[in-house]
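1. test case, fold it:
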Amino acid sequence: MGDSEADSLVQYGIEDRPPLRRSILLGAQHYLTMIGANIAVPLILADFMGMPPDVTAKFVGTFFVVSGLATLAQTTFGNRYPIVQGAPFSMLAPAIAIVTTEVALPGVADWNAKLLFLQGAIISAALVEVAIGYLGLVGKIREYLSPVVVAPVVTLIGLSLFSAAQITDVNQAAPGAQQNWYLLLLTLALIVVFSQYLNRRSALFALFPVLLGIVGAWVVAAVASVTGVLPAADPGYIDFEQVTAVESAVYVPYPLQWGMPEFQASFAIGMFAGVLASIVESFADYHAVARIAGEGAPSKKRINHGIGMEGLANVFSGLMGTGGSTSYSENIGAIGLTGVASRFVVQVGAVVMLIVGVIPLFGRLVATIPDPIVGGLYIAMFGQIVAVGLANLKYVDLDSQRNLFIVGIAIFSGMAVPQYMGGVESGAVLQTGLANVPLAGQLLGTEIVAQTLYIVGGVQMAVGGFVAFVLDNTIPGTREERGLADWAQLAEKEGEFDSIVDRIRDRLADSPPSKEN
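-> Predicted coordinates:
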């Protein structure tokens, strides 16, 4: 169970069910926290594929439908944590590598052929993820993970978005345009005021600071856009013409809507590196949401079921023709700001995602939220996650030079190595360099090693987690020094988590025997 300090920050715990009307607004708030990423990923892929505009609208809608269904599956049958599932940036690099490769299929448009090969790669890699999860491979390493390892990994989740386009220079449509810092800071200021200064004045401010901040800043941007205060080239400008664009009132995505997936081994290998990175990120997300919600660290059983369900969601994502699915850190930050950790609320938010996905008008309206507003939201939420990561250090001996060394070098490595990988043009370029390494060139210079290092090495959490894991388990240190003793007392016991199989079995055992005629 969680400690009293953490519990005091939670207004609705994981098992709580707020009233339906309130849950709808709270669920919509969770949905809005991940709108930027869940729109950005499909738009980036559509651009690289040269997808026609009318198809792109359906492509984006499919992402929301997959996100909603994956969230419902994870919160009901998977780890049952209140974490939104959505399109992963960790799988974006291999996805771009696939869709920029020249492929062709008879009688199939170029963009469609590229998408079919992407689908095949995601399905192939996801099947391995399913095996990793349900065979318990991730859970087995849990006993080797102390707060010294988890703290930098969770911290790097927050730090990984400090250079997001929505925060720096965001207007892709008008290169050279500067960020609208007024709108970004207004969004951030509203969220801070509602969540920190007015939260004790009214439950409205305490529960809905993100929603109020986004709506307030959007209204200001809308008025400024209509009155001409904001020019069309400004990142904060809202183009209402895109809302009224003529299209079908309802579009329901379905499996294999783009055709039968195509499978190629090299694509599957590259995509698995992205899946591996997403597993590391999700592992840290589970610990972060447990910490924020006032619960003990997740058990091996819960971790395994979470990763296994993410694998199944990725298979479904591949069949639907999107870019994958993973746990979203964005709504974990929202939990920290609002204290709403209710699983029911996130499930209601998933239904909202489904509605937006099948009714294009709603999706277009949500898409009018300018990037500077999303940037202000990111600063508030990801700053919260950084703090949650560092809070895990309260269990360790901070007077230990050993611990300080490991945490410091893990965070620094987690920022520095991906920065270097960002300057490498592709995995092929890295492969050429690795092939020249003395003695080990033949091994390191293979495509599978180079692609894996290139993709995983570009993910902050993966690099920082690997460094911390190796050092913490090789440098001598007592269990008390590493925080394992205190953490073991608070961690979730293996029997506390009931999987869907356990719940069905218990229900069948409790049902009265049927009477024979």
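
2. use CA for all of it now, contacts and neighbours both
-> OK.

3. quick one: the most centrally placed residue in the chain and Ile83, what's the gap?
-> The chain has Tyr328 as the residue nearest its centroid, 2.3 Å off, counting by C-alpha atoms, centre = their mean. Using C-alpha to C-alpha, to the nearest Å, we find Tyr328 at a distance of 7 Å from Ile83.

4. which helices and strands sit right next to the helix or strand containing Leu25?
-> Using DSSP states H and E, Leu25 sits in helix 20-33. Applying 3 or more C-alpha pairs under 8 Å, 6 or more residues apart in numbering; DSSP states H and E, one finds that helix 20-33 makes contact with helix 209-226, helix 330-338, helix 343-358.

5. so who does Leu390 touch?
-> Applying C-alpha atoms under 8 Å, 6 or more residues apart in numbering to Leu390 gives the contacts Ala151, Pro152, Val154, Thr155.

6. can you tell me the helix or strand for the last one?
-> By that I understand Thr155. With DSSP H and E as criterion, Thr155 is part of helix 147-159.

7. what's in contact with the helix or strand just after that helix?
-> Helices and strands here follow DSSP H and E; after helix 147-159, the next one along the chain is helix 181-192. Applying C-alpha under 8 Å, 6+ apart, the contact partners of helix 181-192 are 167, 209-210, 212-214, 216-217, 221, 236, 372-377, 379-380.

8. average model confidence for helix 181-192?
-> The average pLDDT for helix 181-192 rounds to 94.

9. got the angle between that helix and helix 209-226?
-> Relative orientation of helix 181-192 versus helix 209-226 (axes from the mean of the first three to the mean of the last three C-alpha atoms, to 10 degrees): 150 degrees.

10. contact partners of stretch 244-263?
-> 58, 61-62, 65, 112, 115-121, 124, 316, 319-321, 357-361.

11. between the two ends of that stretch, what distance do you get?
-> Counting by C-alpha to C-alpha: the opening and closing residues of stretch 244-263 are 39 Å apart.

12. so which bits of it are buried?
-> Pro253, Trp258, Gly259, Pro261, Glu262, Phe263 (16 or more other C-alpha atoms under 10 Å).

13. what about the fifth one, distance to Gly311?
-> So that's Glu262. Distance from Glu262 to Gly311, by C-alpha to C-alpha: 19 Å.

14. equivalent analysis for the fourth one, please.
-> As defined by C-alpha to C-alpha, Pro261 lies at a distance of 17 Å from Gly311.

15. Asp397 belongs to a helix?
-> No: assessed with DSSP: H, G, I helix; E, B strand; the rest coil, Asp397 is coil; it does not lie in a helix.

16. change the start of the numbering to 28 and stick with it
-> Right, with 28 as the first residue, what we last looked at is Asp424.

17. excluding chain neighbours, give the residue nearest to it in space.
-> Distance criterion C-alpha to C-alpha, 6 or more residues apart in numbering; nearest residue to Asp424, sequence neighbours excluded, is Glu508 at 5.1 Å.

18. what's the local residue count around the one you found?
-> 19 (other C-alpha atoms under 10 Å).

19. cool, and the one 10 residues further on?
-> Ala518 is flanked by 17 other residues according to other C-alpha under 10 Å.

20. contacting residues around it?
-> Met28, Glu322, Gly323, Ala324, Pro325, Ser326.

21. which residues sit against stretch 160-169?
-> Ile159, Ser326, Lys327, Lys328, Ile330, Asn331, His332, Gly333, Ile334, Gly335, Met336, Gly338.

22. quickly note the distance from the last one to Asn331.
-> With distances taken as C-alpha to C-alpha, Gly338 is found 11 Å from Asn331.
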